[in-house]
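J.: Need a 3D model of the sequence below.
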Amino acid sequence: MAQIRTKARALDMLGRQQIAGIPTALSELFKNAHDAYSDNVEVDYVRKKKLLLLRDDGLGMTRAEFEERWLTIGTDSKFIDENSISQPVTHTAKTLRPIMGEKGIGRLSIAAIGPQVLVLTRAVRDDKHHKLVASFINWTLFSYPALDLSDIDIPLIEIELGEMLTKEQLSTLINQAKDNVKSLAHKISQEKIDYVLNQIDSFDFEPELWYTSLKQLDLKIDKEIQEHNPNAKPRKLHLDKDGSGTHFIISPVDEILNEEVEGDDFNSKATDRASRLEKALLGFTNTMDVNSNPPIFARFRDHKLDGEVIDRISESTFFTPKEFEQSDHHIKGRFNEFGQFSGTIKVYGQEEREYVLSWPESKNKPVLCGEFELNLAVIMGTARESKVPPNVFNDIYQKTNKIGGLYIYRDGIRVLPYGDSDFDFLGFEQRRSKSAKEYFFSYRRMLGCVEITKQVNSALHEKAGREGFIENKAYKQFRAILIHFFIQLAKDVFNEKGDLSDQFIEMRSRQQDSFDLLKKRNNLKSVKKKHLEEQLQKFFIKYDDDYWLNNLSQLKEKVQSRFENFEEEEQSTDDFIFEVQRLLLEGLKPLKSNLKITFPSGVGFGKALTDSCDLYQVKKREIENEINIFEKDIEKRLVEFEDQFGNRTGMRLRFSDSLENQVEYQSKQLNEVYSKANKVLSELESWTKSEINKNRALARSEIEQAKHDFSSVSFNSKTSDELYELKASLEHRIQTAAELVLERVEGIANQLSTIKEGNEENIVSSNKLTEILESEYEHLKEVNEQNSEMVHLGMAIGIIHHEFTSNVLGIRKALFSLAPWARQNDKLKEIYDDLRIGFDHLDGYLKLFTPLTKRLARKKIMITGVAASEFVTSVFGDRLESEEIDLVITDKFLEQRIFGFTSTIYPALINLIDNAVYWLGKSNGEKVLTLDASETGFIIQDTGPGIPTIDQENVFEFAFSRKVGGRGVGLYVVKKTLEDEGFSITLAPYSPNTGAKFTISPIQEKE
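T.: Numbering: from 1, shown residues only. All right, here's what the predicted structure looks like:
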């Protein structure tokens, strides 16, 4: 009898050629991890090494299971049949998981990722850990038609308990694989043998190095996860100690993966397009619903060539429960065995309303697809119509634009390709192209899922290549039920003529009005704010240029000159006094005029602008005081002068003229205000009458039109139902028109009442109240942004410190080992010394990032000026030289001594000097940086452009910076840190000739 022989190529055809691409292959491997009761399955793609590591923390495999199940194609272990081999083991402590794969060929998808794989698996059974199993497979051999499966040997070894694969053991596996390839010379050409041997030699994996690196990475990831979820347990993705699971190390990875990860050139530039990897793997489990309890978490990290690590797939890159909850509308319910939906709808966050919808094609017969659930969130297409805060709306909008859609989950695991925006299986966008108003739902404005189970929805079969469900009758019913549901729901709830749309229409209209009003308000506020900022800027520029002091000084000299040059014989007393008064008036008028800034009413500002306004008021009063003193002095001198050279009659006349001039001036000022108020009142009255007349005409027009339509109807040709509909329709039109006009006119009346109330006794005006509330809001918003920024900075510093600490011991050990060699070799010693100095400097500098909890335990020391100067020179020496900046260190600085923490004082000096160097680099004059000392502290001074008066208060505020690209964090952190440790930092008043001058001194001693 004859037998069917199996060629090795059959595996290639069943595996690599059946899989749509690498993302689909990874999805299959993720499903295998799910079946192995893993809590986590994670991929690290290292581009530089062309290496992909896929790890899970599941039950793993024993050697027997690996040979009988994993190395056996088309196993029936996952298929329930009386003649099948035993079912895979389950985790008794976890909920029973339905098997995701039944064909027994999912593991062959690895060949689509790369031509060879190292498999490491360690089993745990009844809390007992087994030996580590390691195997190396080259898939290229399976693509050669001349080879049979029996020709190919798979190297496999077991490793003792608690031990990991070593480099020597890996070499043994690889050599066995190469020996097998060489033994096939009688069946394949030497060219093919050489090709495979070169391929095997290219397998670039150093076990010990990667174990260490991955453990460090896992600690970092665990920390990040626990920051978002404090209850999260540390992941166990290692295979030593208490670890179990399966690891696949694939190398070299097919270069197409780069495109799959980032998209092709066109798509990579379009931020609203997801890559193929994101389309296939984002949302592998349902992490958008807070109540979903996903059985497994899938992650994909991309280690780029520049060292940056990007989370391509994780819970945060998919829709989060918070984003789902923040969306505008929510639909949740169940389709029963007859296709009838029963659930709730929540519109704009209002109370849930029950909604029931039957499927007309059911005809009281159970549907073949079975019961299923729907959980959907929808956001509106524009921020104007959405209740979501604008900044949050933009984030969710961009996400839905990229990965929005209706996902399908079978037993908690995503079914591909549903959810991919390019696979609009319910035809949302096709219908919207016909009428966006009628067909409300859009694939790119929804985030949600349909949940099915293997048990209830067994008639829904997936295609072999994981390209969706087979289009049998069950699937057609499933699709028809959903299409009918979304069309009818749009008509009922989200259409202006819908029976249940009253709440949606009202809330949308209110949202649009609120958005428009807020936009107008923000535009008005922006214009007023910009104008005020410009006025303040001009004022402080004049102030720093000593505009008022210089002009007042010149005016004093002119007046004094007039008094000194007065000749009684040549000029009358009256003429002299008139000339001095004219000189005084002409000289002081521009000074007073340039002092005045008009503050907008009813507008609140943030802390920085408020502080600038307060500083303006202080400086304005100082200048006004100088002017008033000068005026009083001149007036007094004129009275004394007239008493000496004139007579009392002339003095009385001059006083009378002066009073008349003052009355005339004030009357002119008052008349301007009266005229302005009357103009506003006239415009307001005209606008009010116009609006009332316009609305009265609108109401009359609607009523007359309704009457006309009523008169045009023949009652004889109408049924009673039609007549009732006619009556109801006409009454509704009249009522709607009347309500619209009433609302508008009442709004006008309320606005006028608010103005009136604002002038009544003991009531704060609406403008003033708005100003107070808006200022408070701006301040709170700034504080919130500061706190958020500081949290992120703290996290970044923590990560830097952790990463450095993790590696510093190894570097120090290597330098220690190198030292004996360096002592024996002068050339090597020179290199060693440079390395040692650089490392010690880096080590010392990064110790500044020591966390607060550790800093509190340290001791204060006496910080000398000598030590501080040496530190500054070591950090900035080269930079100062390249920038051609002279560093002057005074004897007072060198002799100064401060008792405190070096990790507090040194960073402050570094920050101040770094800023000084930056601004000196922008200066065209002499570039000098001086380190001096006060009685109790250090002084840092430069000859740069200095810090203008307008910035004197704000320079220590968070996020304030005049640097291009500056973050405005340095001086804020310096001030806070110094104050916490009992020090103050002050900035000397602005002087255009001296630059910036900062002083750091102990608060106690200063007081």
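J.: Three-state assignment for the residue nearest the centre of the chain, please.
T.: In the chain, the centroid-proximal residue (Cα atoms, centre = their mean) is Asp395; its distance is 7.9 Å. Assigned with DSSP: H, G, I helix; E, B strand; the rest coil, Asp395 falls in the helix class.
J.: Tell me, how many residues neighbour Gln735?
T.: Here the count is done by other Cβ atoms under 10 Å, and Gln735 has 11 residues near it. All C-beta spots, glycine's among them, are computed from the backbone N, C-alpha and C.
J.: Relative to Lys363, how far out is it?
T.: 41 Å (Cβ to Cβ, to the nearest Å).
J.: Same question for Glu957.
T.: Taken as Cβ to Cβ, the span from Glu957 to Lys363 is 71 Å.
J.: When the two are compared, which one has more neighbours?
T.: Per other Cβ under 10 Å, whichever of Glu957 and Lys363 has more neighbours is Glu957, with 19 against 7.
J.: wait, doesn't the more buried one sit right on Ala608?
T.: Yes. Under the criterion of Cβ atoms under 8 Å, Glu957 makes contact with Ala608 at 6.0 Å.
J.: can you list the domains in this structure?
T.: 9-281, 319-500, 532-646, 767-849, 852-1006 (automatic domain parsing).
J.: now the strands for the stretch 801-950 of the chain?
T.: Taking DSSP state E, counting those that start in this stretch as the test, the strands found in the stretch 801-950 of the chain are 861-864, 886-889, 897-900, 928-933, 938-942.
J.: what about those strands, which gets the closest to Thr688?
T.: Closest to Thr688 of the strands of the stretch 801-950 of the chain is strand 938-942 (Cβ to Cβ; 60.7 Å).
J.: Listing request: residues of the stretch 401-550 of the chain with sub-threshold pLDDT.
T.: 465-466 (pLDDT under 70).
J.: can you give me the helices in it?
T.: Using DSSP state H, counting those that start in this stretch, the helices found in the stretch 401-550 of the chain span residues 428-434, 473-493, 502-544, 547-564.
J.: Need the winner for burial among these.
T.: helix 473-493 (a mean of 18; mean count of other Cβ atoms under 10 Å).
J.: and it, what other elements does it pack with?
T.: Applying 3 or more Cβ pairs under 8 Å, 6 or more residues apart in numbering; DSSP states H and E, we find helix 473-493 packed against strand 329-335, strand 341-347, strand 353-357, strand 372-378.
J.: how about those in CSV, adding mean pLDDT, distance to Ser421 and mean neighbour count?
T.: Listed next are the helices and strands packed on helix 473-493 as CSV, based on pLDDT from 0 to 100; distance: least, Cβ to Cβ, whole Å; neighbours: other Cβ atoms under 10 Å:
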stretch, mean pLDDT, distance to Ser421, mean neighbour count
strand 329-335, 96, 19, 20
strand 341-347, 95, 24, 19
strand 353-357, 94, 26, 13
strand 372-378, 96, 15, 21
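J.: Just put those in JSON lines and tack on distance to Trp687.
T.: Compiled in JSON lines, the helices and strands packed on helix 473-493 are given as follows (distance: least, Cβ to Cβ, whole Å):
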{"stretch": "strand 329-335", "distance to Trp687": "38"}
{"stretch": "strand 341-347", "distance to Trp687": "36"}
{"stretch": "strand 353-357", "distance to Trp687": "41"}
{"stretch": "strand 372-378", "distance to Trp687": "40"}
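J.: out of those, which comes closest to Leu978?
T.: Per Cβ to Cβ, nearest to Leu978 of these: strand 372-378, 47.9 Å.
J.: how about the closest one as CSV, C-alpha atoms only?
T.: Written as CSV, here are the backbone C-alpha positions of strand 372-378 (Å, rounded to 0.1, in the frame of the first residue of the first chain):
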residue,chain,number,x,y,z
PHE,A,372,-24.4,39.2,22.4
GLU,A,373,-23.7,42.4,24.3
LEU,A,374,-22.9,46.0,23.2
ASN,A,375,-21.0,48.6,25.1
LEU,A,376,-20.4,51.8,23.2
ALA,A,377,-19.2,55.4,23.8
VAL,A,378,-19.6,58.2,21.2
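J.: Point out the other helices and strands that it packs with.
T.: strand 329-335, strand 446-452, helix 473-493.
J.: Go ahead and name everything in contact with it.
T.: 288-289, 324-325, 327-335, 341, 343, 406, 441, 445-452, 456-457, 478, 482, 485 (Cβ atoms under 8 Å, 6 or more residues apart in numbering).
J.: got the angle for that strand vs strand 446-452?
T.: Relative orientation of strand 372-378 and strand 446-452, computed by axes from the mean of the first three to the mean of the last three Cα atoms, to 10 degrees: 170 degrees.
J.: Between helix 473-493 and strand 372-378, find me the angle.
T.: Using the same axes, to 10 degrees: strand 372-378 against helix 473-493 is 40 degrees.
J.: Partner strands of strand 372-378 and their direction?
T.: Sheet partners assigned to strand 372-378 using DSSP bridges are listed as strand 329-335 (antiparallel), strand 446-452 (antiparallel).
J.: Those into TSV, with extra columns for distance to Asp39?
T.: Below are the strands paired with strand 372-378 laid out as TSV (distance: least, Cβ to Cβ, whole Å):
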stretch	distance to Asp39
strand 329-335	27
strand 446-452	21
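J.: Which one of these lies nearest to Asn915?
T.: Of those, nearest to Asn915 by Cβ to Cβ is strand 446-452, at 45.5 Å.
J.: For that closest one, C-alpha coordinates in CSV please.
T.: Output in CSV follows, covering the C-alpha atoms of strand 446-452 (Å, rounded to 0.1, in the frame of the first residue of the first chain):
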residue,chain,number,x,y,z
MET,A,446,-17.0,55.8,18.5
LEU,A,447,-15.1,53.7,20.9
GLY,A,448,-16.8,50.5,22.0
CYS,A,449,-17.2,46.8,21.5
VAL,A,450,-19.5,43.9,20.8
GLU,A,451,-18.9,41.0,23.2
ILE,A,452,-19.5,37.4,22.2
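J.: List of residues touching stretch 990-1007?
T.: Contact with stretch 990-1007 is made by 544-545, 898-900, 905, 908-909, 912, 915-916, 919, 934, 936-949, 952, 978-979, 982-988, as judged by Cβ under 8 Å, 6+ apart.
J.: can you rerun that using 7 Å?
T.: Under the criterion Cβ atoms under 7 Å, 6 or more residues apart in numbering, residues 544, 898, 908, 912, 916, 934, 936-949, 952, 978, 982-988 lie in contact with stretch 990-1007.
J.: could you flag which of these are buried?
T.: Neighbour-count burial (16 or more other Cβ atoms under 10 Å) is assigned, among these, to 544, 898, 908, 912, 916, 936-949, 952, 978, 983-985, 987-988.
J.: now stretch 357-373: how far from the chain's centre is it?
T.: Mean-position distance between stretch 357-373 and its chain equals 43 Å (Cα atoms, centre = their mean, to the nearest Å).
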